[in-house]
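K.L.:
Build the 3D model from these lines:
(chains A and B)
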Amino acid sequence: MGLETSFGHSYLTTRLDAAVNWARKYSFFNYPFVTACCGMEFMSAFASTYDIARFGAEYPRFSPRQADVLFVVGTVNEKLAPVLRRVYDQMCEPKWVVSFGVCATSGGFYDNYATVQGIDKIIPVDIYIPGCPPRPEAVLDALVKLQQKVDRESVLDRKYK
Amino acid sequence: MTSYLLETVKSKFPQHVLETHAFRGDETVMVKKEALPEVAAFLRDSLGFDFLMDLTAVDYLPREPRFELVCHFYSSRHNYRLRLKCPVEGNAPSVASLTPLWAGANWFEREVWDMFGIKFEGHPDLRRILMYDGFEGHPLRKDYPLKKRQPRIQHRD
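P.N.:
Here you go, the predicted model:
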């Protein structure tokens, strides 16, 4: 990193929270739970043009057990709700959820017998991204906001006790 | 304007055809429910309609007969299309299955059963295809409550 030329053989002190959060927020492994057309925007946001590797989140794991951030991308209906719940339950702490697009956030314009009116009826959500679909800039903005949120957390925090 | 298809069906089944009309090349025959299998078999075997493109239904509540079954046929040999409709009563609606004639009718009829609750007599495996087990009612019926939800798992607050 070039630090060694300035510091040589010396020590750095920090708080545990700061060190751990610094590592966590710049190495999100995300799990894309893609159900609808927002998936195409998700792909473009995660492709080379927008270079999400700048934020350390370029590595999707297609297993919830290895993921930190659950991206719920697209409409979730009542039939799928138990599946989403189960995927979320399989993720290890620490875990965060991003609701990608209006359908995941509120049901969007689908207000009918089939559609869950927002995934926060099923699982807790950390960041909501509006848009139908969201611009990649909005996705990157959400990622930065999630990093800021992670920075405020403590290693002692747990979503479930 | 006379249409070959409409005239043929009308002259073959004068007692079963309720109505025919054609709009900009889209030809429609309305038949009595009881005659549906007979007319459909004639379309397939004599007029060359080898492809059932779509089978669906419409709810015309509060009209009686309440439902209308709509079938779209296509003939790949002649490049003909025909829409066949039949009224279905609102009380315990049921109609003969087209599965023996076109195997592709199987899932269409399951969808119509799922969404409208129209029974298909002679269908080999009539159960829901889109909605989940335990779902009550038929959501595309006009009297299905607009805001009714049937969650499979408990929603958070």
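K.L.:
Give me the contact list for the longest helix seen in chain A.
P.N.:
Secondary structure of chain A per DSSP state H: the longest helix is helix A:136-151. The contact list for helix A:136-151 (Cβ atoms under 8 Å, 6 or more residues apart in numbering or on different chains) reads A:21-22, A:24-26, A:28, A:41-42, A:44-45, A:49-50, A:52, A:55, A:57, A:69, A:94, A:96, A:98, A:100, A:126-131, A:134. Bear in mind the C-beta positions are built from the backbone N, C-alpha and C, glycine included.
K.L.:
centroid residue for the chain?
P.N.:
Unless you meant another one, I'm taking chain A. A:V69 (3.6 Å; Cα atoms, centre = their mean).
K.L.:
wrong one, chain B
P.N.:
Short answer for chain B (Cα atoms, centre = their mean): B:L69, at 3.2 Å.
K.L.:
which non-adjacent residue is nearest B:E19?
P.N.:
The shortest distance from B:E19 to any non-neighbouring residue, by Cβ to Cβ, 6 or more residues apart in numbering or on different chains, is to B:M30 (4.2 Å).
K.L.:
Quick check: what element follows the host helix or strand of that neighbour along the chain?
P.N.:
According to DSSP states H and E, B:M30 maps onto strand B:26-31. Using DSSP H and E, the helix or strand that directly follows strand B:26-31 along the chain is helix B:36-45.
K.L.:
Please name every helix or strand in contact with that next one.
P.N.:
helix B:4-12, strand B:67-75, strand B:80-88, strand B:94-96 (3 or more Cβ pairs under 8 Å, 6 or more residues apart in numbering or on different chains; DSSP states H and E).
K.L.:
what's the second one in contact with?
P.N.:
Strand B:67-75 has contacts (Cβ under 8 Å, 6+ apart) with B:33, B:36, B:40, B:43, B:47-60, B:80-90, B:93, B:95, B:98, B:112, B:116, B:118.
K.L.:
among those, which ones are buried?
P.N.:
Buried members of the contacts of strand B:67-75, counted by 16 or more other Cβ atoms under 10 Å in any protein chain shown: B:33, B:36, B:40, B:43, B:47-49, B:52, B:55-57, B:59, B:80-88, B:90, B:93, B:95, B:98, B:112, B:116, B:118.
K.L.:
How many residues are close by A:D126?
P.N.:
Burial of A:D126 is recorded as 17 neighbouring residues (other Cβ atoms under 10 Å in any protein chain shown).
K.L.:
wait, it sits on A:W96?
P.N.:
Yes - in this structure A:D126 lies within contact range of A:W96 using Cβ atoms under 8 Å: 4.6 Å.
K.L.:
Specify the beta-bridge partners of the residue nearest to B:E19.
P.N.:
Using DSSP bridges, the bridge partners assigned to B:M30 are B:E19, B:K85.
K.L.:
if I look at it, how far off is A:S6?
P.N.:
87 Å (Cβ to Cβ, to the nearest Å).
K.L.:
Tell me which of these two has more neighbours.
P.N.:
The residue with more neighbours, out of B:M30 and A:S6, is B:M30; 16 against 7, by other Cβ under 10 Å.
K.L.:
Show the contacting residues for that one.
P.N.:
Applying Cβ under 8 Å, 6+ apart to B:M30 gives the contacts B:17-20, B:85-87.
K.L.:
and these as JSON lines, adding distance to A:R85 and pLDDT?
P.N.:
Output for these, formatted as JSON lines (distance: Cβ to Cβ, whole Å; pLDDT from 0 to 100):
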{"residue": "B:V17", "distance to A:R85": "53", "pLDDT": "92"}
{"residue": "B:L18", "distance to A:R85": "50", "pLDDT": "93"}
{"residue": "B:E19", "distance to A:R85": "51", "pLDDT": "91"}
{"residue": "B:T20", "distance to A:R85": "52", "pLDDT": "92"}
{"residue": "B:K85", "distance to A:R85": "43", "pLDDT": "95"}
{"residue": "B:C86", "distance to A:R85": "43", "pLDDT": "94"}
{"residue": "B:P87", "distance to A:R85": "43", "pLDDT": "95"}
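K.L.:
Farthest pair within those residues?
P.N.:
Greatest spatial distance among the contacts of B:M30 (Cβ to Cβ): B:T20 and B:P87, at 14.4 Å.
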